[in-house]
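**Q** Return a 3D structure for these sequence lines:
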Amino acid sequence: MRIGAHESIAGGLHKAFERAVDDGAESLQLFTKSGRQWAAKPITDDDAAAFRAAARATGLPVIAHASYLLNPGAPDDDIRARSIDALRDEVERCDRLAIPWLVLHPGSNPDEGEGLTRIIDGIRQCLDETSGAATGICLEITAGQGNCLGHRFEHLAQLLDGIDRPERTGVCLDSCHLYAAGHDLATPEGYEATMEAFGRTVGWERLRAWHLNDSKKGLGCRVDRHDHIGDGTLGLAVFERLVQDPRFAGLPAVLETPEGRWKEEIALLKSLRDAAPARRRPQRGAETDHARHT
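**A** Coordinates of the predicted model:
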């Protein structure tokens with residue numbers, strides 16, 4: 001894993017790379033705009049040039065996270081249409097910055113079948129309308145809080161199969177969300193069963209990134225509350241398994257834990273990873289994607 005964190009863009013998009021380097025990161029995630037607003041300040045030519053230059057200078061793989069407001073599965077037609085328009089804008093922003101993947105919470109709807117269908121159609125529309133872009137959409141597994149969809153591997157597989165754009169879609173797994181949704185990572189047996197189920201149901205070739213977060217709540221709670229690594233209900237042993245797992249070699253793996261301890265947590269995770277016995281590490285698509293964009 002290439003371990004990093006979700007860095008702030010205060011002072012300019014390119015500043016996220018400076019913060020990542022200061023944190024000792026090997027990758028990073030960012031918002032290209034506020035994660036809690038619809039409107040976005042346009043990206044200027046100077047903004048894009050500075051960002052691309054920082055990416056080249058640091059060599060750090062970067063992914064982006066979409067606004068939390070987006071809900072392409074919404075039962076309300078106006079909210080859904082606004083979400084699809086905003087998603088298209090975020091894909092275009094990422095493409096201008098040469099960011100290969102935009103992570104998206106799939107959406108919510110009290111009617112599971114209707115919601116999944118609306119998400120499929122909405123993302124297909126967005127990808128068709130941005131057919132000239134290289135940036136793809138990474139569906140993030142959710143905790144299943146409220147009416148949120150995407151907490152089951154079957155949801156993710158159905159969405160990806162329905163969208164049917166394999167070159168521009170993928171999955172981002174989140175350790176907190178997995179556990180909260182009922183996927184037991186905390187025991188060695190549960191960990192292997194979870195990984196086997198993901199590979200069989202979704203497919204390893206679709207995995208593009210990880211979010212590394214401990215959970216404040218317990219297994220199957222369906223509550224999305226991140227905690228510092230080793231301080232939550234998952235515990236440190238889970239993260240030792242994750243960072244040493246050769247199936248994830250080369251993938252960006254970013255912290256979304258509460259701010260203030262990222263440098264410490266990155267160092268901890270890197271030490272756990274680097275303590276693993278030498279093993280064959282397969283090449284992963286994420287590194288190829290990054291090189292293709294930069």
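**Q** C-alpha from now on. contacts and neighbour counts both.
**A** Fine.
**Q** which other helices and strands contact the helix or strand containing C126?
**A** Counting by DSSP states H and E, the element that carries C126 is helix 112-129. Other elements packing on helix 112-129 under the criterion 3 or more CA pairs under 8 Å, 6 or more residues apart in numbering; DSSP states H and E are helix 77-96, strand 107-108, strand 148-149, helix 153-163.
**Q** Go ahead and name everything in contact with the second one.
**A** Contacts made with strand 107-108 from outside it, assessed by CA atoms under 8 Å, 6 or more residues apart in numbering, are listed as L70, N71, P72, G73, A74, G115, I119, N147, C148, L149, G150.
**Q** Tabulate the residues you listed (TSV), appending neighbour count.
**A** Listed next are these as TSV, based on neighbours: other CA atoms under 10 Å:
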residue	neighbour count
L70	26
N71	28
P72	32
G73	31
A74	22
G115	23
I119	25
N147	13
C148	21
L149	26
G150	25
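**Q** still on that earlier bit, what about the helix holding C126, average pLDDT?
**A** Confidence for helix 112-129, expressed as mean pLDDT, is 98.
**Q** what angle separates it from helix 153-163?
**A** Following axes from the mean of the first three to the mean of the last three CA atoms, to 10 degrees, one obtains 40 degrees for the angle between helix 112-129 and helix 153-163.
**Q** Could you give me the buried positions within helix 112-129?
**A** 112, 115-127 (16 or more other CA atoms under 10 Å).
**Q** Quick check: end-to-end length of stretch 201-212?
**A** Criterion CA to CA, to the nearest Å; first-to-last residue distance in stretch 201-212 is 22 Å.
**Q** That should have said stretch 237-253, apologies.
**A** Criterion CA to CA; first-to-last residue distance in stretch 237-253 is 17 Å.
**Q** Kindly report the same for stretch 214-223.
**A** Stretch 214-223 has its terminal residues 12 Å apart, counting by CA to CA.
**Q** Now that stretch: average pLDDT?
**A** Stretch 214-223 comes out at a mean pLDDT of 96.
**Q** rewinding a little: quick one: closest of the helices and strands packed on helix 112-129 to R52.
**A** In terms of CA to CA, the element of the helices and strands packed on helix 112-129 nearest to R52 is helix 77-96, at 9.2 Å.
**Q** How far off centre is the helix or strand following the closest one?
**A** From helix 77-96 onward toward the C-terminus, using DSSP H and E, the following helix or strand is strand 101-104. Taking CA atoms, centre = their mean, to the nearest Å, the mean C-alpha location of strand 101-104 is offset from the chain mean by 6 Å.
**Q** Counting by contacts, list what whatever helix or strand comes next after the helix holding C126 packs against.
**A** Sequence-wise, the next helix or strand beyond helix 112-129 is strand 136-140, with elements assigned using DSSP H and E. With contacts defined as 3+ CA pairs under 8 Å, 6+ apart, strand 136-140 has these neighbours: strand 101-104, strand 169-174.
**Q** for the stretch 151-294 of the chain, what are the low-confidence residue spans?
**A** Low-confidence regions of the stretch 151-294 of the chain, defined by pLDDT under 70, span residues 278-294.
**Q** what about the helices in it?
**A** For the stretch 151-294 of the chain, helices defined by DSSP state H, counting those that start in this stretch occupy the ranges 153-163, 175-180, 188-201, 236-244, 262-274, 285-293.
**Q** Pick the most deeply packed of those helices.
**A** Highest mean neighbour count of those: helix 175-180, a mean of 28 (counted as mean count of other CA atoms under 10 Å).
**Q** what's that one packed up against?
**A** Counting by 3+ CA pairs under 8 Å, 6+ apart, the packing neighbours recorded for helix 175-180 are strand 207-212, strand 214-215.
**Q** Which pLDDT value goes with W38?
**A** With respect to pLDDT, W38 has a value of 87.
**Q** gap between it and E90?
**A** When W38 is compared with E90 (using CA to CA), they lie 10 Å apart.
**Q** Those two - which one has more neighbours?
**A** E90 (22 against 16; other CA atoms under 10 Å).
**Q** Which residue is the nearest non-sequential neighbour of that one?
**A** Computed as CA to CA, 6 or more residues apart in numbering, the closest residue to E90 that is not its neighbour in sequence is A66, at 6.9 Å.
**Q** Can you get me a residue count around that neighbour?
**A** Counted with other CA under 10 Å, residues neighbouring A66 total 24.
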